[in-house]
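1. Sequence plus predicted model, see below.
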Amino acid sequence: MQRLFRVAAFATVLLAAGCSSVNPYYDASKSHHRPQGFANNYAPNPAYQRPVSTNTGFFAGWAGRIRNWTSDGAERAPLASVPKVEPDLGWLQQNRSETALTWIGHATFLLQTGNGVNILTDPVFDERASPVSFAGPKRLQAPGVALGDLPHIDAVLISHSHYDHLSLDSLRALYRQKGGAPMFYAPLGIDLWLARHVTGGDRSRIVRLDWWDKASYRGLELQLLPVQHWSSRTPWDRNETLWGAWAMTRPGFAFFFSGDLGYSRDIQDIAARFPDGFDLAAIGIGAYQPVWYRNSHVSPDEAVRIHRELRVRRSVGMHWGTFPMGQERIDQAPRDLAIARQAQGVADDAFGVLAIGETLRLGPRAPAASGAP
């Protein structure tokens with residue numbers, strides 16, 4: 001009875017939050033724009049079509065999601081503990097000169113850019129990836145670095161509006177951090193949400209971007225990239241805000257953050273614009289079961305393919321081990337990643353995973369030789 005009450009309350013919250021709107025950034029000259037939102041560049045993979053038996057209507061579909069989110073998760077129980085290490089907080093808080101990537105959990109990373117800038121990707125420190133505290137995917141591992149233990153955050157990169165990537169409480173805390181608010185870099189439409197819910201109308205700390213738009217910040221270039229996904233925070237606002245991956249570049253170093261994505265020709269489009277590839281990438285490897293999830297997320301095999309096609313020196317798998325988003329076991333993705341590496345001839349140290357709280361420390365990339373691919 002208590003679970004039924006919580007499901008009903010959760011549904012009420014979702015229904016109350018919903019509202020439809022007109023896309024204020026609609027540009028008819030852009031193929032991914034729609035009068036009421038946005039669309040992917042390419043058609044979904046027919047091999048990943050959702051079975052007809054699961055397409056049971058609007059309310060039944062959301063009821064299925066709620067049942068999944070409120071399950072005890074026994075079918076996804078890990079075969080082994082998800083690795084976690086104690087972070088070197090003193091080093092992280094003092095580091096200004098070394099490029100480093102620390103996995104906080106799921107899609108949240110602290111990227112220290114080597115020129116004194118601290119960036120957070122999709123900061124989510126909540127106990128649940130949900131609009132309510134009593135239902136929705138529950139965090140299985142504490143954040144690798146607590147919000148209060150972070151160094152001062154200079155910039156935040158947001159990929160899209162889903163609750164496991166866009167956290168109201170986390171962003172409000174960052175906006176109020178000691179030493180001043182960070183800059184928020186967000187896809188079109190999420191800027192309006194930030195101004196309304198996080199910054200109290202202050203838009204001076206918000207930069208909105210469309211696909212391929214660039215922004216400069218303290219010697220860095222930040223660019224929003226097109227990927228195949230979707231957005232929503234209620235049953236009523238599907239695709240009203242844009243989504244995307246991110247590229248962060250500075251002289252001698254390039255970083256790719258996938259956000260959420262399904263495999264599509266967008267990867268070749270990105271590769272064409274970054275012929276020198278990337279030094280480091282964080283690529284999603286989790287939430288790929290059932291198979292129709294792969295129109296929104298990539299399997300480890302597809303993640304390795306993205307690693308190769310984007311010509312990444314070193315990739316780190318993310319989007320696993322923290323929130324139970326897919327139907328595979330919580331620790332299945334790294335095992336499938338190892339199989340995919342071997343099948344595609346990628347070295348073990350070229351694409352792996354970090355323990356939660358672990359920091360990968362890198363030196364700067366040497367300048368590419370003239371004429372190098």
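-> Perfect, thanks for sending it.
2. So which bits of stretch 296-311 are buried?
-> Buried residues in stretch 296-311, defined by neighbour count with 16 or more other Cβ atoms under 10 Å: 296-308, 310. Where you see a C-beta, it was placed from the backbone N, CA and C, and this is true even at glycine.
3. Over to stretch 74-87?
-> R76, V82, K84, P87.
4. between those, which is nearest A355?
-> Set against A355, the nearest of the buried residues of stretch 74-87 by Cβ to Cβ is K84 (5.5 Å).
5. ok, now how distant is that closest one from R329?
-> Counting by Cβ to Cβ, to the nearest Å, the separation of K84 from R329 is 17 Å.
6. what's the answer for I339, then?
-> Distance from I339 to R329, counting by Cβ to Cβ: 14 Å.
7. Then Q223?
-> Taken as Cβ to Cβ, the span from Q223 to R329 is 35 Å.
8. before we move on, what about A80?
-> Going from A80 to R329 by Cβ to Cβ gives 10 Å.
9. where does the stretch 51-200 of the chain have low pLDDT?
-> Along the stretch 51-200 of the chain, segments meeting pLDDT under 70 span 52-73.
10. all strands in it, in order from the N-terminus.
-> In the stretch 51-200 of the chain, the strands defined using DSSP state E, counting those that start in this stretch lie at 99-105, 108-113, 118-121, 155-157, 183-187.
11. Against which helices or strands is the last one packed?
-> Just to be clear, that refers to strand 183-187. When contacts are defined as 3 or more Cβ pairs under 8 Å, 6 or more residues apart in numbering; DSSP states H and E, strand 183-187 packs onto strand 155-157, helix 190-197, strand 206-209, strand 220-225.
12. Residues contacting it, please?
-> 154-160, 171, 191, 194, 198-199, 205-210, 215, 217, 222, 224, 241-244, 246 (Cβ atoms under 8 Å, 6 or more residues apart in numbering).
13. Can I get the buried part of the residues you listed as one ChimeraX selection?
-> Provided next is the ChimeraX selection string for whichever of these are buried by 16+ other Cβ under 10 Å:
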select :154,155,156,157,158,159,160,171,191,194,198,199,205,206,207,208,209,210,217,222,224,241,242,243,244,246
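14. where's V298 relative to A287, distance?
-> Distance of V298 to A287, given as Cβ to Cβ: 9 Å.
15. My read is that N295 contacts P44, right?
-> Yes: with contact defined as Cβ atoms under 8 Å, N295 and P44 form a contacting pair (4.5 Å).
16. Tell me which of the two has more neighbours.
-> Taking neighbours as other Cβ atoms under 10 Å, N295 and P44 compare with N295 leading, 23 against 16.
17. give the contact list for the more buried one.
-> Applying Cβ under 8 Å, 6+ apart, the residues contacting N295 are P44, N45, Y48, R50, Q228, G262.
18. Can you give me the neighbour number for the fifth one?
-> Residues contacting Q228 under the criterion other Cβ under 10 Å number 24.
19. Write down the beta-bridge partners of it, one by one.
-> Per DSSP bridges, residues listed as beta-bridge partners of Q228: G262.
20. confidence score at it?
-> Looking at Q228, its pLDDT reads 98.
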